[in-house]
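**Student:** Provide a 3D model corresponding to the input given below.
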Amino acid sequence: MKPKEIIINAFQREADFERGLKIITPDEELAKSHHEKADHNLVVMTDLNKLNHSDWVVIAAYYAMYHAATALLSRIGLDSKDHATTVAILEYFFSEKIEKSLLDKFNEIEEQKDKFDKLKLEDKYINYLWKTKKTRESMQYGIETTFKETDLIMKNAKDFALKIKLLLAEINDEFVEVIADEAKELHDSIKNDK
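**Tutor:** Presented below is the predicted three-dimensional model:
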């Protein structure tokens, strides 16, 4: 399923907010708090690695990444309770493969065209999150207690959290407004389909 379809499906589950997506007021303070939690999880990840609890290193790494992603969602005015939807939102609004119609809206912002390149998440970051999500599920719900690639997963988690922090420093209210308008259009498309 494409990121846009995942987002629209999540909006359809808005009433069942345990697994849905809803539009909220963009909140810089909440974004900051989520990123602080991401930083905390990075410390926990490192501590668990020192204790040789590699299965929990993966879990802490994933949640560091997830809270970083949630920080970005809070900043742009979206609240997701579904992990796949959270990744889809990053793909839809920030990936290198952004839809032309949305890219055109970003490019309409005066004196901000050059800045948009700083607001892109390279594919590798999206892939880090998808792969770590899958690995986390395997380690958390499976019976394995060891994971051999802890150095790589820890590096990816740190890189991802740092990239989101840099992105948060670059995003401004004009970009948030464009994203909020697009999110509202996606949300409203549900009503039009019924």
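**Student:** where do the helices sit along this protein?
**Tutor:** With DSSP state H as the criterion, the chain has helices at 3-12, 28-50, 54-76, 83-94, 100-107, 123-141, 150-170, 173-193.
**Student:** quick one, the third one and helix 173-193 angle?
**Tutor:** Here helix 54-76 points in a direction 90 degrees away from that of helix 173-193 (axes from the mean of the first three to the mean of the last three C-alpha atoms, to 10 degrees).
**Student:** between helix 28-50 and helix 54-76, find me the angle.
**Tutor:** 170 degrees.
**Student:** helix 54-76 - contacts with which helices or strands?
**Tutor:** Where contact means 3 or more C-beta pairs under 8 Å, 6 or more residues apart in numbering; DSSP states H and E, helix 54-76 is packed against helix 28-50, strand 78-80, helix 83-94, helix 123-141, helix 150-170, helix 173-193. Placement of C-beta: from N, CA and C, glycine included.
**Student:** contacts for the first one?
**Tutor:** Residues outside helix 28-50 that contact it (C-beta atoms under 8 Å, 6 or more residues apart in numbering) are 54, 56-57, 60-61, 63-68, 70-72, 74-75, 150, 154, 157-158, 161, 164-165, 168.
**Student:** columns mean neighbour count, mean pLDDT and distance to residue 5 on top of the helices and strands packed on helix 54-76, output as CSV?
**Tutor:** Output for the helices and strands packed on helix 54-76, formatted as CSV (neighbours: other C-beta atoms under 10 Å; pLDDT from 0 to 100; distance: least, C-beta to C-beta, whole Å):
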stretch, mean neighbour count, mean pLDDT, distance to residue 5
helix 28-50, 17, 97, 26
strand 78-80, 22, 94, 15
helix 83-94, 22, 93, 8
helix 123-141, 17, 94, 16
helix 150-170, 18, 96, 24
helix 173-193, 15, 85, 10
